[in-house]
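# the amino acid sequence is not available; the structure is as follows:
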């Protein structure tokens, strides 16, 4: 579908566009990690990646093409696995390229205007590779929800709620709000981009693993429904 290409393009534009924009206008403190500043666009681009994950299968239910797909290949779980592998591979490659360019360009622009960045090689790897893996995982989460709910708008709305609501309502809760935020997808991405500091909860890579567990649960639930329910 045409929307698939446009959604992928929007993800890349958000990552690169905001990286270059912040590189040109941001005025951080000297010795700040400019790489993490240049990757702020990933926080918005994750919505495009998640939406694309939903559309990877839910769009087929919308158009009715899912019947053709499952007639051509009746092994439904294998179809879902194939979709997941192709989708995750595509997102990971595109995200790695876009994130690397945004980090390198943004860091170069900020360094030339303000001074040396405090980023280390390990920080660069964590920010670039970690956020790229996150985009692939959150997209797989969307694929699982799309398979489970079989409705593009409903699955996208549910996924956006899971991504955004903990950070919105967490500070308002009298108790448990901190834990809600610490184990949310958005918080995991923030930790991967800037290291997380002393924000509590699992570390950057542990947070990524947690979101992968969320995605795995959604994919398993979606696979069960795909296998046991008619199209």
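Great, that's in hand. For clarity, every value in this text was computed on a predicted model and none was experimentally measured. Residues are numbered from 1 along each chain as shown.

# tell me the secondary structure for residue 167?
What DSSP: H, G, I helix; E, B strand; the rest coil gives for residue 167 is helix.

# check contacts around it.
181, 184, 186-187 (CB atoms under 8 Å, 6 or more residues apart in numbering). Heads up, the C-betas are built off the backbone N, CA and C, glycines and all.

# and the pLDDT at it?
pLDDT for residue 167: 89.

# and it, how far is that from residue 121?
From residue 167 across to residue 121, the span is 30 Å (CB to CB, to the nearest Å).

# for the residue most central in space within the chain, which residues are in contact?
The centroid of the chain falls nearest to residue 135 when counting by CA atoms, centre = their mean (2.9 Å). Listed by CB under 8 Å, 6+ apart, the contact set of residue 135 reads 11, 42, 45-46, 49, 91-92, 95.

# same question, residue 137
88, 208, 211-212, 215.

# before we move on, what about residue 83?
Residue 83 sits next to 56-57, 143 when contact means CB under 8 Å, 6+ apart.

# reformat these as a markdown table; add secondary structure and neighbour count.
Formatted as a markdown table, these follow (DSSP: H, G, I helix; E, B strand; the rest coil; neighbours: other CB atoms under 10 Å):
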| residue | secondary structure | neighbour count |
| --- | --- | --- |
| 56 | helix | 25 |
| 57 | helix | 27 |
| 143 | helix | 28 |
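
# rewinding a little: mind picking the two most distant members of the contacts of residue 167?
Taking CB to CB, the two most distant members of the contacts of residue 167 are 181 and 186; they sit 8.0 Å apart.

# overlap in contacts, these two.
Listed contacts common to residue 181 and residue 186 are 166-167; contacts here mean CB under 8 Å, 6+ apart.

# host element of the residue nearest to the centre of the chain?
Element membership of residue 135 [criterion: DSSP states H and E] is helix 121-149.

# before we move on, back to that, wait, which of the contacts of residue 83 is closest to residue 150?
Using CB to CB, residue 57 comes nearest to residue 150 of the contacts of residue 83, at 8.3 Å.

# brilliant, that's me finished.
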